[in-house]
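Trainee: sequence unknown, structure follows:
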């Protein structure tokens, strides 16, 4: 298995309720908050939406790091952490598409990839295998956060929109859109790496099952051969016992 693929820790002694998992859950809770704030027209609400998004993004930076450094890595965290990331980023991309900053096809393509990988994780989890984020997936999430954060900042208010600053506003929006393009490319690439890992895992499992089947057949054949040999041995023993011995033959001749 690859580094981001492992078996479920059924006997894990790590408590489920810990700070890293609490940060992960907090990120999930903050998603609808920043989306609702982002839909408001006031500058205050838009700035608050950016702040809430930034806080949620920071929790993504620290929950995994704390879990590893404190030895509090759990299957719950490894599964829910990527889901919280997807909820945060998909909520952000949908909001930006609704506001006209990004075309809807970008958001839809990212959503298909994210939901598809989540479904794949669920399938493998039912088989007792945890597929956590790999390096490509982590880089993808980082670029998505940077792109979203750049586009969430209300640049018009930041530059006190005027004729002289309008060019800067357009420039920052274009920068955010370019970063979103890079994030989209990384999203597709990392999705392919997860699919490759999944195919390798399935092939490995199929090979293990085939090998186990061959071993079982070999064991059955050996058992059958042993049974046949034992039966032959018993027949030979019975044949030897049924033949008269030399003393018996001499006694029979003397009596005659």
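Mentor: Sure, I can see it. This one's a predicted model, so the numbers in the text were calculated from it and none came from an experiment. Numbers count the residues shown, from 1 in each chain.

Trainee: From now on I want contacts and neighbour counts done on CA atoms only, so please keep to that.
Mentor: OK.

Trainee: In a strand, residue 101, correct?
Mentor: No: assigned with DSSP: H, G, I helix; E, B strand; the rest coil, residue 101 falls outside any strand and is coil.

Trainee: So what's the residue count around it?
Mentor: 16 (other Cα atoms under 10 Å).

Trainee: separation between it and residue 183?
Mentor: Here residue 101 is placed at a distance of 15 Å from residue 183 (Cα to Cα, to the nearest Å).

Trainee: how near is the residue most central in space within the chain to residue 188?
Mentor: Nearest residue to the geometric centre of the chain (Cα atoms, centre = their mean): residue 131, 3.0 Å. Using Cα to Cα, one gets 17 Å for the distance from residue 131 to residue 188.

Trainee: Test my guess that residue 85 contacts residue 60.
Mentor: Yes: contact criterion Cα atoms under 8 Å: residue 85 and residue 60 qualify, at 7.3 Å.

Trainee: Angles on the backbone of residue 103, please.
Mentor: Backbone dihedrals for residue 103, given as degrees, to the nearest 10, come out at phi -70, psi 150.

Trainee: dump the residue contacts of it.
Mentor: Contacts of residue 103 were listed using Cα atoms under 8 Å, 6 or more residues apart in numbering, and they are residue 97.

Trainee: what do residue 85 and residue 60 both touch?
Mentor: By Cα under 8 Å, 6+ apart, residue 85 and residue 60 have these common neighbours: residue 27.

Trainee: Residue 107 and residue 21: what is the separation?
Mentor: Using Cα to Cα, one obtains 28 Å as the distance from residue 107 to residue 21.

Trainee: ok, the two, which is more surrounded?
Mentor: Neighbour count, other Cα under 10 Å: between residue 107 and residue 21, residue 21 has more, with 24 against 21.

Trainee: which residues touch stretch 28-36?
Mentor: Under the contact criterion Cα under 8 Å, 6+ apart, stretch 28-36 has outside partners 48-50, 52-53, 56, 84, 87-88, 91-92, 95.

Trainee: just checking, residue 151 touches residue 177?
Mentor: Yes: taking contact to mean Cα under 8 Å, the distance of 7.5 Å between residue 151 and residue 177 places them in contact.

Trainee: Quick check on residue 154: phi, psi?
Mentor: The phi and psi torsions at residue 154 (degrees, to the nearest 10) take the values phi -70, psi 80.

Trainee: who touches it in this structure?
Mentor: When the contact criterion is Cα under 8 Å, 6+ apart, the partners of residue 154 are 43, 46-47.

Trainee: Right, I'll call it a day here.
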